Each structure stands twice: as C-alpha cells, then as structure tokens.
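Visitor: here is my input; please provide its structure:
(chains A and B, ligands or ions: 2)
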Amino acid sequence: MAKRIDVSGLNAYYGSFRAIEDISMTVEPRTVTAFIGPSGCGKSTFLRTLNRMHEVTPGGRVEGKVMLDDEDLYGAGVDPVSVRREVGMVFQRPNPFPTMSIYDNVAAGLKLVGSKKKSEMDDVVEKSLKGANLWNEVKDRLGKPGSGLSGGQQQRLCIARAIAVEPNVLLMDEPCSALDPISTLAIEDLIGELKERFTIVIVTHNMQQAARVSDRTAFFNLAAVGQPGKLIEIDDTERIFSNPSVQATEDYISGRFG
Amino acid sequence: MSNATLSGKRPSTLRAASLPKWFSWAVAAASVALGLGVSAALGLESSIQWALIAGVLFVAGTFGIAARVEGKRQAKDRVATSVVWVAFLLAVAPLASLVWETVSRGVKVLDMYFLTHSMGVVADTEPGGGIYHAILGTLEQVGLATLISVPIGVLTAIYLVEYGRGKLAKAVTFFVDVMTGVPSIVAGLFILSTWILILDMGPSGFAGAMALTILMLPVVVRSTEEMLKLVPNELREASLALGVPKWRTILKVVLPTAIGGITTGVMLAVARIAGETAPVLLLVWGSNFINTNPFSDPQASLPMYIYLQYANSGGSGAAYDRAWAAALTLIAFIMILNLAARGIARWKAPKSGR
Ligand SMILES: Nc1ncnc2c1ncn2[C@@H]1O[C@H](COP(=O)(O)OP(=O)(O)OP(=O)(O)O)[C@@H](O)[C@H]1O
Ligand SMILES: [Mg+2]
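Guide: Ligands and ions are numbered 1, 2, ... in the order given. The predicted structure is shown next:
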C-alpha cells in the first residue's frame, strides 16, 4: 500500500527562523529516495514535516502542501495522529522503549493504539521482526528488555516497531550513522526488501550508501549559516552521481565542497 | 626527598613523591589526640570543642605535610578530600547520636503489647498502655493525605511538563513554589479557619489530612516534575511517530519510564508529613482512645502522642518511656517507607541487561 508523496511550496519554521524554504518534490511509491546535503541544511526538518513530527518541536510551524496520494497532510481537519500511522519514522539514534521487552517494543504501536488478539499480535511481531532481519537473533529472548540489544540490533528493532503498524511510507533519518559496516549492510539490504512494500525516504551523509540504496537522490544546500535550506535538485541517483545538472551538487558529491 | 633520588634511578617525569596510604589515618589519629590534649590542657569541658579542634588540625595538618612532600596540587586535592570527610562526620554524628538515643531509650517499653493497645484505661502518669490508637491515626491521616495529593500532584506535574505553556503554567509553578514554603502551622490554621470555624465541622482525622495534603502536594509536584523531565524526548517522539496519541504516550511510555522516581518522591513526601505535629494539634486534637473513623471525632497520631505524653506526664518516667518508644516507632515507620521506596525504584527502573 505504498503511496506517492507530492510536496509543493513547503516552508518550515522554528519560531521565527525559517529552516527550509520553498521545497517542492515528488516521491514515487515503492522507491527509495535519498536526501543528501551538508549539516544544518534542513534534511531532518524536511523529513519531519512529512509525518507532521515537525510541529511537535516547540515553535515548529509549516507552510505549504504535502499530498499523500490525494490527501493534503496539512489540510483542515487532518489528524496528525492518523498521519503518523500512515507515515512511519526511524530515528538517527536507536530509541527502543526502555521499560518494554523486545516483544512489547514491536507490538507497541499496535497495543498503544487499539487492541488485537494475542495470536494476531504474535503473528505481527514475528512478521515485523523477520521483516527487519532480527527474528533469528531475538526469537529466544522476546521477553527480555529491548535495551539489552546491541546498537545495530536496537536500530533494527526500531525498524520492526515502525513497520509493525503497516505504514504506507517509511522515513529514515540517518538510520545507520551509529552502526558498524555489517549492521549498516544489514539495514541497507533491508531497505532494498522494504521498498517492495513501502515508499522509503532516507537521509544519509554517506554518499556510497545513497548510491547503493536509492533510486532517486535529492540534494539540499543552504546559502549561508542562518539562511534557510533549499532543495537544489532531485533526480535519478545514477544521474546525480554521474552527471548532475547543478555545479554545487557535483562539488558536494566529489568532496570539493566548502 | 623524592623516591627517585632515594632509589638512585633516573627521575621520572610521571612518578612523583607520594605519601603512604596510612598517611591520612595517621594525621587523623594525631589530630584527635592533639584535640583531646589541647582541650584537657585548657580545661574545656564541652564534648564538641575537642572534635572541632581535631577537625581543623586534620585539614591544616594534611595540607601542611602534603604540600611539603607531594607538592601544591596534590595537597589541594588532599585538603578537598579531608574537608569532605570532616563535613561527612559533622553531618553523621548528630544523626547517629539521635538514632542511638532513641533506640536505647525507646526499646524499654516497645513490645507487642505496646503496639496493640491504646491509652484508654491508663492515666498518662501510670505505666502500661500503648500506641495502637496513634499508629492507626497516623496511618489513616497520612493515607488520606497521600490519596488526595498523589493524583492531584502527579496530574499537575504532567500538565506542567507535557502540556504547560504560557501564563497558566507559570502561575501554577509560582503557586507550587509558594506552597513549598508554607509552614505547617499555617497550613493547619488555614484548614482550621475554613473547615472548622467557617464550615463548622468538628475536629477529625480528615481535617488533619487536608492540612497534610497542603504540605505534601508541592513536594509531590516538584519531584514528579523533575522525574518527568528526565524522560528523554526521543522516547516521546518515538511513540508519537508510531501514531500513538499524546495522552497514551504519556500514560504508556512516559509514566512507566519515570515511575520509579515518582514513587521515591511520593515516599519521601509521605515521610515528611508523617512527622508533622502542628496541624494535627490544631485539627485532630489527639485522643487516648481508639477511633477508627477518620471523618469524625478527635484521633491520635504518633507525633501528637509523643508530644502529649511529654506534656501531660507531669514528669512521670513511664510517660517519658512511652514517648521515646513512640518516637522509635515513628522513625522505624519512616525508615521502612524509605526502604520500600528504594525497593520500588530499583524494581521499576528501566531495565537494562540481557
Ligand atoms: N529544535 C530546533 N530549534 C531551533 N532550530 C532548529 C531546531 N532543530 C534544527 N534547527 C535548525 O534548523 C536548521 C536545519 O536543521 P536540521 O536538523 O534539519 O539539519 P540537517 O540537515 O538534518 O543536519 P544534519 O545533517 O546535521 O542532521 C539548522 O539551522 C538548525 O540549527
Ligand atoms: Mg539531521
């Protein structure tokens, strides 16, 4: 049930500070889109506007349109809670719930929202953990606390938790930045599998990763510190990495930046 | 002077002369001896003066010797350590002597009979009797106060941390701060003037519980607030990003993460009000009889009992013994609460490990 995201004329503010300016882009269903760009250019901010998490930050405010298929996420009467059920998110630092077991962490989204039968819940947990390539490592200790896993396992647990509620879109903010190359590879493989079912947007500082996992790549930049970040270009990943149409993109990718 | 020259090796830049391990003990022993000697020589009678002299000598001596042998920086480090030790002893000495005094005097009459009988048939000056009615009163009054202030306090803290913005939150914080400073006698007078004088209710355990609530509420709000602030924002965001409504996030993620600390705070607040005498004196009046109903008629309570035994005894030794035994019971009660709080905090703390 992947859905298309269509952003037009989006601005996001922290109080009176405009963090990103006039962003428009389309993300096709069942694709992986990578966001790259220098630190502070607003990648995380933009990502968080896509599931209305931006407004959770005090002073956070958004202008513009984000269409999920044919519904505007910022339209009148839209409930941010239901938006977040459709658009899941994985954070930079693994953040399993410390009071819950591995099982409860995965089931959290379902349990905290509605009730399901125990057997159904078991199925969902198993399916999600398998989907996150974690099942074999934890199937014998589902009752143990999630914080007892390694960093890479915790991150996959968070992915399992996010996909357990069956969102249409999965947002990932530097999901591998705290992980070793092997866990990174595991998650990259996972992204390849997940894109069969979800629309995926991933922020990364790792050019190779962007080149490996994504179909399309968006490059963000900002003119100067204190200026809002802007979308410079978005194109097929191959094109961005071989023959980008903007000079700044080429400079950034080849490391000749700043 | 340094080890390096003594052993004839090349002087090391990393290793410096250092005093042996027993150095601090030696200085401590020497300063205690000196302190005792000086006060004996000067004919100082007080048992505190020699200890103060010893304390000063200990800190000064440590600095003097260490500065010569080890150098300035190590000497400062040692002085900081010895000041901490002296301060620790100064803090612990009164506590230890208080516990010692209470236990040694309290155990005399403290037995099963004492815990299970009231003063109903015993005159205050005679031996016998017990504190059953006072334990009952304390449990009921403190229990009622806890029952009222914990829900209100925790909800207020949740409002302040999770929702509160702007003027209302500022006003609530201000009122909580003011309440923290209300003396217990004022809380008692407030309830006295409204509940008993204006509404014309009689004295009762419940009236006392209301005054205790005024004292307990700000402590609960403050400690809960601090505990909720300690819950990482990432957990709230993780839950919200799953599409969990905010109130459920607070109920299922934030509160469970903080529950250990909140319980500890509540227990400490209970311990604080369990020893209050002034509001009980004004509102519950005290009684020698068992009164199980906290909503009407005077009741006893432990701190109140201690006071009355002391005040009404007419110098009888039996009454003094009972007062000490009741004090011991009260201290034990608070101690048990504290231990329970620690136990709960450890049991409920976010789990780690495999
Ligand atoms: N909570 C906040 N309050 C105020 N300003 C913020 C806040 N979070 C981010 N900003 C500002 O918004 C701008 C964009 O930040 P953002 O976190 O989106 O950058 P980013 O591209 O994700 O950077 P990085 O690659 O380092 O994660 C920055 O100038 C930052 O200082
Ligand atoms: Mg970021």
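
Visitor: counting neighbours, what do you get for B:Val266?
Guide: A count of nearby residues for B:Val266, using other C-beta atoms under 10 Å in any protein chain shown, gives 23. Yep, even glycine has a C-beta here, placed from its N, CA and C like the rest.

Visitor: these two touch, right, it and B:Val220?
Guide: Yes. B:Val266 lies in contact with B:Val220 (C-beta atoms under 8 Å); the separation is 5.9 Å.

Visitor: who touches both of the two?
Guide: Here B:Val266 and B:Val220 have B:Val150 as joint contacts, going by C-beta atoms under 8 Å, 6 or more residues apart in numbering or on different chains.

Visitor: in chain B, where's the longest helix?
Guide: helix B:72-106 (DSSP state H).

Visitor: that one packs against which elements?
Guide: The elements that helix B:72-106 packs onto, with contact taken as 3 or more C-beta pairs under 8 Å, 6 or more residues apart in numbering or on different chains; DSSP states H and E, are helix B:23-42, helix B:49-69, helix B:317-348.

Visitor: quick one: which of those helices is nearest chain A?
Guide: Smallest distance to chain A across the helices and strands packed on helix B:72-106 (C-beta to the nearest C-beta): 8.2 Å, for helix B:317-348.

Visitor: need the contact list for the residue in the stretch 51-200 of chain A that ligand 1 sits nearest to.
Guide: The minimum distance from the stretch 51-200 of chain A to ligand 1, using C-beta to the nearest ligand atom, falls at A:Thr57 (4.7 Å). A:Thr57 is in contact with A:Tyr14, A:Arg48, counting by C-beta under 8 Å, 6+ apart.

Visitor: does stretch A:247-258 reach ligand 1?
Guide: No. Using C-beta under 6 Å from any ligand atom, stretch A:247-258 stays clear of ligand 1, coming no nearer than 12.4 Å.

Visitor: that should have said stretch B:225-237, apologies.
Guide: No. Interface with ligand 1: stretch B:225-237 contributes nothing (C-beta under 6 Å from any ligand atom), its closest point being 10.0 Å away.

Visitor: centre of the chain to the host helix or strand of A:Ser119, how far?
Guide: Assigned by DSSP states H and E, A:Ser119 belongs to helix A:118-131. Centre-to-centre, helix A:118-131 and its host chain are 22 Å apart (C-alpha atoms, centre = their mean, to the nearest Å).

Visitor: in the helix or strand that that helix is followed by, what counts as buried?
Guide: Using DSSP H and E, the helix or strand that follows helix A:118-131 towards the C-terminus is helix A:135-138. Using 16 or more other C-beta atoms under 10 Å in any protein chain shown as the test for burial, helix A:135-138 gives A:Trp135, A:Glu137, A:Val138.

Visitor: stretch B:160-167 too?
Guide: Residues B:Leu160, B:Val161, B:Gly164 are the ones in stretch B:160-167 that count as buried (16+ other C-beta under 10 Å).

Visitor: report the contact partners of the second one.
Guide: Yep, that's B:Val161 we're talking about. B:Glu225, B:Leu228, B:Lys229.

Visitor: cool, and the last one?
Guide: The contact partners of B:Gly164, by C-beta under 8 Å, 6+ apart, come to B:Val172, B:Thr173.

Visitor: now flag whichever of the buried residues of stretch B:160-167 is closest to B:Pro203.
Guide: B:Leu160 (34.6 Å; C-beta to C-beta).

Visitor: from A:Ala224, how far out is that closest one?
Guide: Between B:Leu160 and A:Ala224 the computed distance is 39 Å (C-beta to C-beta, to the nearest Å).

Visitor: what does the pLDDT read for residue 67?
Guide: I'll assume chain A. Here the pLDDT value assigned to A:Met67 is 94.

Visitor: actually chain B
Guide: At B:Ala67, pLDDT is 87.

Visitor: pull the distance from the longest helix of chain B to the chain's centre.
Guide: For helix B:72-106, the distance to the chain centre is 17 Å (C-alpha atoms, centre = their mean).

Visitor: what angle sits between it and helix B:49-69?
Guide: Taking axes from the mean of the first three to the mean of the last three C-alpha atoms, to 10 degrees, one finds helix B:72-106 and helix B:49-69 inclined to each other by 160 degrees.

Visitor: tell me what angle helix B:72-106 forms with helix B:23-42.
Guide: Using the same axes, to 10 degrees, helix B:72-106 lies at 60 degrees relative to helix B:23-42.

Visitor: quick one: low-confidence ranges for the stretch 251-354 of chain B?
Guide: Scanning the stretch 251-354 of chain B for pLDDT under 70 picks out the ranges B:350-354.

Visitor: residue 206: neighbour count?
Guide: Picked chain A for this. For A:Asn206, using other C-beta under 10 Å, the count is 16.

Visitor: let's do chain B instead
Guide: There are 22 residues near B:Phe206, going by other C-beta under 10 Å.

Visitor: so it makes contact with B:Leu144?
Guide: Yes. Contact criterion C-beta under 8 Å: B:Phe206 and B:Leu144 qualify, at 6.2 Å.

Visitor: list residues touching both of these two?
Guide: Common neighbours of B:Phe206 and B:Leu144 (C-beta under 8 Å, 6+ apart) are B:Pro294.

Visitor: related to what we said a few turns ago, what is the nearest of the contacts of B:Val161 to ligand 1?
Guide: Using C-beta to the nearest ligand atom, the contacts of B:Val161 come closest to ligand 1 at B:Lys229, 16.7 Å.

Visitor: tell me who's in contact with that closest one.
Guide: B:Lys229 neighbours (C-beta under 8 Å, 6+ apart): B:Val161.

Visitor: wait, a helix at it?
Guide: Yes. Counting by DSSP: H, G, I helix; E, B strand; the rest coil, B:Lys229 is part of a helix.
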